[in-house]
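Chemist: The following comprises the amino acid sequence and a computationally predicted model.
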Amino acid sequence: MRLTIIGCGLIGSKRAAAAAAHNIVAVCDPNPERRERLAHETSARAVADWREAIGVDSDAVVIATPHDQLAKIAQAAVEAGRHVLVEKPAGRRPAEVAPLVAAAEKYSRIVKVGFNHRFHPAIARAKALADEGRIGPLLFVRGRYGHGGRVGYEKE
């Protein structure tokens, strides 16, 4: 598959590593050091503007940008004929995500949100316990998960 990655920070780099078996054709980030590093690692074209990046011929776009950019970039990628993997939360509120959902339906594109904890072993075990009826009927679920921030995290 031919992929474009928009957002070359920590998560975009992790997605690129996970997709190493595919052809990453373009990477995009406003930060020149990040985009050039990932372009070098993936042999992809480096692009500064996301609008240009979604115009690069690819099958799918991975979007790993700050939250205020996710939905609008994902919608533009869908409208450009691309399938999309957009990082969580996909938008800051439902009103930002609704046009993306409508565009995916209109253009028959697949859009997935990178809720990677869906496959976390603890989540899978909790689901199995519920499915087996071992914890009774669920009324609601509240979960917490976190990790300490690393040095420089506030600048990513």
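Modeler: Alright, I've got the coordinates.

Chemist: residue ranges of the strands in this structure, please?
Modeler: 2-6, 23-28, 45-47, 60-63, 83-87, 111-114 (DSSP state E).

Chemist: Throw those into a markdown table and include mean neighbour count and distance to Arg93, thanks.
Modeler: Placement of C-beta: from N, CA and C, glycine included. A markdown table is the format used below for the strands of the chain (neighbours: other Cβ atoms under 10 Å; distance: least, Cβ to Cβ, whole Å):
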| stretch | mean neighbour count | distance to Arg93 |
| --- | --- | --- |
| strand 2-6 | 25 | 21 |
| strand 23-28 | 23 | 25 |
| strand 45-47 | 18 | 29 |
| strand 60-63 | 26 | 17 |
| strand 83-87 | 23 | 15 |
| strand 111-114 | 18 | 14 |
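
Chemist: how about CSV for these, with distance to Ala95 and mean pLDDT added?
Modeler: As requested, the strands of the chain are arranged in CSV below (distance: least, Cβ to Cβ, whole Å; pLDDT from 0 to 100):
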stretch, distance to Ala95, mean pLDDT
strand 2-6, 22, 98
strand 23-28, 26, 98
strand 45-47, 29, 98
strand 60-63, 18, 98
strand 83-87, 16, 98
strand 111-114, 16, 96
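
Chemist: Kindly reformat those as a markdown table containing distance to Arg142.
Modeler: Shown next, in a markdown table, are the strands of the chain (distance: least, Cβ to Cβ, whole Å):
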| stretch | distance to Arg142 |
| --- | --- |
| strand 2-6 | 33 |
| strand 23-28 | 37 |
| strand 45-47 | 41 |
| strand 60-63 | 28 |
| strand 83-87 | 23 |
| strand 111-114 | 20 |
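
Chemist: Of these, which is nearest Glu105?
Modeler: Closest to Glu105 of these is strand 111-114 (Cβ to Cβ; 9.5 Å).

Chemist: Output the contacting helices and strands for the closest one.
Modeler: Strand 111-114 makes packing contacts with strand 83-87, helix 94-107 when contacts are defined by 3 or more Cβ pairs under 8 Å, 6 or more residues apart in numbering; DSSP states H and E.
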